[in-house]
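Trainee: Predicted model and sequence below, questions to follow.
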Amino acid sequence: MSARILDGKAIAARIRAGLAERVATLSFRPGLRVVRVGEDPASGVYVRNKDKAATAAGFDSATIHLPAETTEADLLATIARLNADPAVDGILVQLPLPAHIRTEAAIAAVDPAKDVDGFHPLNAGRLAAGQPGLVPCTPRGVMHILAESGVALRGARAVVLGRSQIVGRPMAQLLLGADCTVTIAHSRTRDLAAECRRAEILVAAVGRPEMVRGDWIAPGAVVVDVGINRLPDGKLVGDVAFAEAAAVAGAITPVPGGVGPMTIACLLENTLDAAIARRGAA
Ligand SMILES: Nc1nc(=O)c2c([nH]1)NC[C@@H]1CN(c3ccc(C(=O)N[C@@H](CCC(=O)O)C(=O)O)cc3)C=[N+]21
């Protein structure tokens, strides 16, 4: 193994400590509400970790757990109540939602000023237009990792593997905003391996365990692995075959301990940003 390990867990801890210091200077506690519907098992860990991190940093955090049978109308009513609650600065509707609820309807119901996931079309549009707004947590976290690790972005060839609304697309926008030359590759891309091999910065966000092999990576490339896949044996792996990739790459994020903890730190960062934008830094 030759690659430098980019320690997202350590960077996230520093960000959370900095947020805690800033929150301590405020006359109010930034309010975060996570709305969870039903029992998606992957969401359980995330919601617990987020709640712990938020409370430790001085946020007023709570999860509203609705039963799986909740109707779309009831979910929208819950969101409307949180939109109207002045103590609530950030609202996150945990995905995936049960199949009988339209995800787009839930996302569009969140007040864009409280949309700490950055998933509302207004915030997605602002990002695409290069305007300030709330940015999705995972791509924001990836940009922090690249900045903290001293990766030069201007003019660099970046390949984003995956085109989801949640990671791939906003990730590409942020890299473009930082003057990278950005390619978005995906499941229909002809010769994915060759596209990836051109990358000086490769961000893998496809949700397929260990799909990116060592020979997909250019020697010395920076590899950011967004995937968090649980194998049947319980082991957590990324979208990148770590050992193979680490033998070739210049730097790489591990799973766990890479992008995942950054997502949570950036959720808190977004919540503080939203709070200060709404209330001022009083
Ligand atoms: N509206 C919405 N926003 C989300 O941001 C969102 C969501 N829904 N639904 C579920 C996914 C998943 N997600 C994770 C974040 C952090 C870790 C994380 O901290 N992972 C640790 C390991 C955790 C473990 O041990 O399982 C790590 O990678 O080191 C995992 C998963 C956010 N999500």
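Mentor: Ah, there it is.
Trainee: Buried residues of stretch 142-154, list them for me.
Mentor: Residues of stretch 142-154 classed as buried: 142-146, 148-149, 151, 153 (neighbour count, 16 or more other CB atoms under 10 Å). Backbone N, C-alpha and C define where each C-beta goes, glycine included.
Trainee: One more: stretch 230-245?
Mentor: Within stretch 230-245, the residues scored as buried using 16+ other CB under 10 Å are 237-242, 244-245.
Trainee: Pick the one among those closest to the ligand.
Mentor: residue 238 (8.6 Å; CB to the nearest ligand atom).
Trainee: what sits against that closest one?
Mentor: For residue 238, the contact set (CB atoms under 8 Å, 6 or more residues apart in numbering) comprises 204, 209-210, 225-229, 253-255, 258.
Trainee: Residue 133 too?
Mentor: Counting by CB under 8 Å, 6+ apart, residue 133 has contacts 112, 118, 122-123, 126-127.
Trainee: Using the three-state scheme, assign residue 39.
Mentor: Here residue 39 is coil, with the state taken from DSSP: H, G, I helix; E, B strand; the rest coil.
Trainee: any idea of the pLDDT on it?
Mentor: Confidence at residue 39, expressed as pLDDT, is 92.
Trainee: mind listing what it touches?
Mentor: With CB under 8 Å, 6+ apart, residue 39 has these contacts: residue 68.
Trainee: How about the backbone phi and psi for it?
Mentor: phi -130, psi 30 (degrees, to the nearest 10).
Trainee: still on that earlier bit, also within reach of the ligand: list those from the contacts of residue 238.
Mentor: Contacts with the ligand within those, counted by CB under 6 Å from any ligand atom: 228, 255.
Trainee: if I look at residue 256, how far off is residue 40?
Mentor: Distance, residue 256 to residue 40, using CB to CB, to the nearest Å: 19 Å.
Trainee: And for residue 17, the neighbour number?
Mentor: 12 (other CB atoms under 10 Å).
Trainee: does it belong to a helix or a strand, and which?
Mentor: helix 8-24 (DSSP states H and E).
Trainee: Endpoint to endpoint, stretch 76-91 covers what distance?
Mentor: Stretch 76-91 has its terminal residues 12 Å apart, counting by CA to CA, to the nearest Å.
Trainee: wait, does that stretch contact the ligand?
Mentor: No. Stretch 76-91 does not reach the ligand (CB under 6 Å from any ligand atom); its nearest approach is 9.7 Å.
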